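Peer 1: I'll drop the sequence and a predicted model, then ask my questions.
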Amino acid sequence: MPKKGAAPDDAFQQVDVAIGDPRTLILALGAPEANVCGKAATSLELFAEKSEKNKVELITQGVLSPATKLLSHEETAVRAQAACLLYTLAASEAVRKSIRDAGDPCTVPMMSLLKPDAGAVCHENASGYCANYASELTGQAALTAAGGVELLIDLLVAIVPDPTDAKAAPPSPDTARNTLRALGLLCEDFDSRALVGQKGGMESILVLLDSDYAEIQSLALQALARAARHSRNQMIVRVCGGLEKLLLFIANPEYQRAHAQALEVLGVLLADPVNMASVSERGPADKQNPNGTDAPVAALLGFVHATDNRTREHALRCIQRASGHAANRRLLRDLGAEKAIAARLWSDDPKQPLNPRVALAAVDATTALAEGVSNSAQLGGEGAVSKLVKLLTWADSPECNVAATVALAQITRDVQENCVLLAAADPGLAKVMNLFASDNPICLCSAARLVRNLCVQPKTAGALAELQLCAGLDKCLRSGDNATQAAAGDALTVLCEGSTFRQQFADHAGSCDALKALLDHSEAVDVRQNAYRAVRACADSAALAQTLCAIGALHPLGTSTNAFARVAYTQLLTQHLPAKYAFTGDLGLGDITTNGFFDPGAMAAHTEFVGLEALRQAPVNTRREVLEVNTETDSSLATFIEKLRETVGDDKGMNAVRTIAKAVAERMGGAVALADMDSFRYALAISQLKMDTGSNIVPLGQVSRGTYYHRALLFKFVADRLGIASRLIRGEYGRAYNVIYTTEIHVADVMHEPGRFCALQDLEELTTLPHNFFTFVRAN
């Protein structure tokens, strides 16, 4: 019989044990006693916190499953201890990967610990787990899918006190820190940013800027910077006074360590012109400020001159972002931003050397602000051009070298004064030319843009005349970079408006080939369009037009529906009459044939046009001959024309036309009656000429028997040489007609009744009649 007060025989005597092996502790996580499993979780958390190696060891030994089960334990303290263990483990990248590989068992049960009734300790540990797990995109996606964004925002709103309640207790710094860090990472996603604004998170984040903890302020600014990328959140910040709060925060010297971050947030917000305008109005006048106190945003420019370089850099970045909108650029000009920026582009003071990061930010701000023409002019007036020229070769920062090329290209666009400053800078133009030696596409693009800017201004165009630009622009055209090719095409368009450069371009071997390659192969719309415009400008030169036609530029132009391409096509044909006659079959009164003209016959619109020299190299074939007109190599033709010149004299009227028509007919076999046309043999004589010369090219002066198209071409060439206006129109089936304009329109007959004039009602009669025009005339 047991003694009075003794324990029953089946009662277990509690013992205290010391466990020194983490594997045993992992087993203890499954113990039914809350005290045992909770203490095991705490001991394992302390072990994991010591090193990365310990964290990996615990995962390898299987801690994940039993720890996750404890997240649903009936005891709040155990849930908190398990969450703390997983929070610490999730700081390891290897652990996070193991969690994902296991199918992410932790995230969903962890979400229940973010709910209001979970308790403060659970809130702290669960939000800490979320902050660690959101370090990768996969973790962010998992948390978002489990509703983590909404729960974290609700938690933040719940713990942040009403700023108007002086008696409200401050939030737990650890929970605030973890929640801000998690939300800052999750706000990389657009929808998550939207939720922060919808659920009142923006206001709570702004309140935490007043925290006594620097880390919380920093995390709040980080979350603001990301959440403010959403336009609705920007409006929320403005409405609740967040812009003014940020400006006051930046002005507070106690927060200097966070000024750079605050300026980053401000830059995101001020990109919205409504936000910019809201802090750009001057305050009410007082005795010290009769014109009103400075606008709140004016403080921003003061930070460009801050003592620490990081603040300077972020102030300049803030201005850069704000400069993306025209309205903001106007406000910045009123504030004198150009002077502040220009001051940071260069330093000659050895005691205050130029900082590369500050310089780069100043250059980028210059580029952004110079989008406005008036801002650009003001920057030039503050000395920005000469400083940018120095930065082109500044040895301390290759990044600045490249960025300065972009800034110079922007600041000189459409501002003549800045172009003059660049041309006058020593050695400004030499440095521009050196940019063409670079293999960096940004430098090449900027070089082409600079050339275009200088050329378009009358005061600096002449400075380019002595520069050898063709090789550099040719390199840009062949660069393979769309922006560079488009810039080169734009520069060529402007340069080729001048005859001097057109001649240089014509003399530079291969430049036309590079331009033609863009017409054929570029898929970029702006590249092709600028190439079309460049071809149009080049076509003002007969030599360039001939080269472009010879290398096949007509084909891509003729098959394009682009308006610039059609204009270029027309201009090429106007300047290269052999191509015009081949494709259109019409040489007008103003189309004066000269030595070197040739007629390869009618060509379809999409046919590749081949130059005379290429045709000369082709083997003799049975196709229609190519007629060449050149008095310098064809003495017979030259003699014929000189005799007619003596006969006709100064007469430009119908008698002269009749004389030429009869002479042409007599030279090419005489008059041939319509009824005898089928028996008029000329092809054999032409074939013999081809065999004799060993070429498909037949000099027109050597043709002794010719039909319509031989005679009409000879008439046109002679009339042009003697100053008699005429038009040459190709008809069907080898026919061609000479049209003379007096008080009426006539066709001069050079075939059947040489010297006869046949009245013509409409030019279409020559090209659309199914039969010979002269047959039609006789029938009527």
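Peer 2: That came in fine, so what should we check first?

Peer 1: Let me see the confidence value for A563.
Peer 2: A563 carries a pLDDT value of 94.

Peer 1: Could you check how many residues crowd around S397?
Peer 2: When neighbours are counted by other CB atoms under 10 Å, S397 registers 18. To be clear about C-beta, it is placed using only N, CA and C from the backbone, and glycine gets the same treatment.

Peer 1: no wait, T639
Peer 2: Around T639 there are 12 residues (other CB under 10 Å).

Peer 1: who touches the most centrally placed residue in the chain in this structure?
Peer 2: Nearest residue to the geometric centre of the chain (CA atoms, centre = their mean): A483, 6.0 Å. Neighbour list for A483: 441, 445 [criterion: CB atoms under 8 Å, 6 or more residues apart in numbering].

Peer 1: Can I get the helix or strand encompassing it as CSV, trimmed to CA atoms?
Peer 2: Assigning secondary structure by DSSP states H and E places A483 in helix 482-495. Output of helix 482-495 as CSV, limited to C-alpha atoms (Å, rounded to 0.1, in the frame of the first residue of the first chain):
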residue,chain,number,x,y,z
ASN,A,482,19.7,51.0,-85.4
ALA,A,483,20.1,54.2,-83.6
THR,A,484,23.5,54.9,-85.1
GLN,A,485,22.3,54.0,-88.6
ALA,A,486,19.3,56.3,-88.2
ALA,A,487,21.5,59.2,-87.0
ALA,A,488,23.9,58.7,-89.9
GLY,A,489,21.1,58.8,-92.3
ASP,A,490,19.8,62.0,-90.8
ALA,A,491,23.2,63.6,-90.9
LEU,A,492,23.7,62.6,-94.6
THR,A,493,20.3,64.1,-95.4
VAL,A,494,21.4,67.5,-94.1
LEU,A,495,25.0,67.3,-95.4
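
Peer 1: Pull up the gap between D650 and I26, please.
Peer 2: Separation of D650 from I26 (CB to CB, to the nearest Å): 117 Å.

Peer 1: If you could redo that for T393, that was the one I meant.
Peer 2: 64 Å.

Peer 1: Between the two, which has more neighbouring residues?
Peer 2: Ranked by neighbour count (other CB under 10 Å), T393 and I26 place I26 first, with 20 against 12.

Peer 1: In a helix, that one, correct?
Peer 2: Yes. I26: assigned to a helix according to DSSP: H, G, I helix; E, B strand; the rest coil.

Peer 1: so what's it closest to, chain neighbours aside?
Peer 2: V63 (5.1 Å; CB to CB, 6 or more residues apart in numbering).

Peer 1: Could you report the neighbour count for that neighbour?
Peer 2: 27.

Peer 1: got the contact list for it?
Peer 2: Neighbouring residues of V63 by CB under 8 Å, 6+ apart: 22, 26, 29, 44, 85, 89.

Peer 1: Among the residues you listed, name the buried ones.
Peer 2: 22, 26, 29, 44, 85, 89 (16 or more other CB atoms under 10 Å).

Peer 1: Let's see which of these end up in helices.
Peer 2: 22, 26, 44, 85, 89 (DSSP state H).

Peer 1: helix/strand/coil for L627?
Peer 2: strand.

Peer 1: For it, name its beta-bridge partners.
Peer 2: Using DSSP bridges, the bridge partners assigned to L627 are D599, V698.

Peer 1: Could I get the full set of strands for the stretch 451-600 of the chain?
Peer 2: 586-587, 597-599 (DSSP state E, counting those that start in this stretch).

Peer 1: what's the closest of those strands to C37?
Peer 2: strand 586-587 (98.4 Å; CB to CB).

Peer 1: Contacts for that closest one next, please.
Peer 2: 577, 580-581, 593, 716, 727-730.

Peer 1: same question, stretch 109-124
Peer 2: With CB under 8 Å, 6+ apart, stretch 109-124 has contacts from 68, 71-72, 76-77, 79-80, 83-84, 86, 125-127, 129-130, 146-148, 151-152, 154-155, 158-159, 172, 174-175, 178.

Peer 1: Buried subset of those as a ChimeraX selection?
Peer 2: The ChimeraX selection below is limited to those of the contacts of stretch 109-124 classed as buried (16+ other CB under 10 Å):
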select :68,71,77,79,80,83,84,86,125,126,127,129,130,146,148,151,152,154,155,159,172,174,175,178
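
Peer 1: Which ones among the contacts of stretch 109-124 lie within helices?
Peer 2: Per DSSP H, the subset of the contacts of stretch 109-124 in helices is 68, 76-77, 79-80, 83-84, 86, 125-127, 129-130, 148, 151-152, 154-155, 158-159, 174-175, 178.

Peer 1: for the closest residue to L114 other than its chain neighbours, what are its contacts?
Peer 2: Closest residue in space to L114, ignoring its immediate chain neighbours: L151 at 4.1 Å, by CB to CB, 6+ apart. L151 makes contact with 111, 114-115, according to CB under 8 Å, 6+ apart.

Peer 1: Narrow those residues to those in strands?
Peer 2: Of the contacts of L151, none are assigned to strands by DSSP state E.

Peer 1: Most neighbours among these, please name it.
Peer 2: L114 (24 neighbours).

Peer 1: Let me know whether A126 touches A83 as I believe.
Peer 2: Yes. A126 lies in contact with A83 (CB atoms under 8 Å); the separation is 5.2 Å.

Peer 1: about what we covered before: mind checking how far the helix holding A483 is from the chain centre?
Peer 2: 13 Å (CA atoms, centre = their mean, to the nearest Å).

Peer 1: Repeat that for stretch 577-596.
Peer 2: 41 Å.

Peer 1: end-to-end on it?
Peer 2: The first residue of stretch 577-596 is 10 Å away from its last residue (CA to CA, to the nearest Å).
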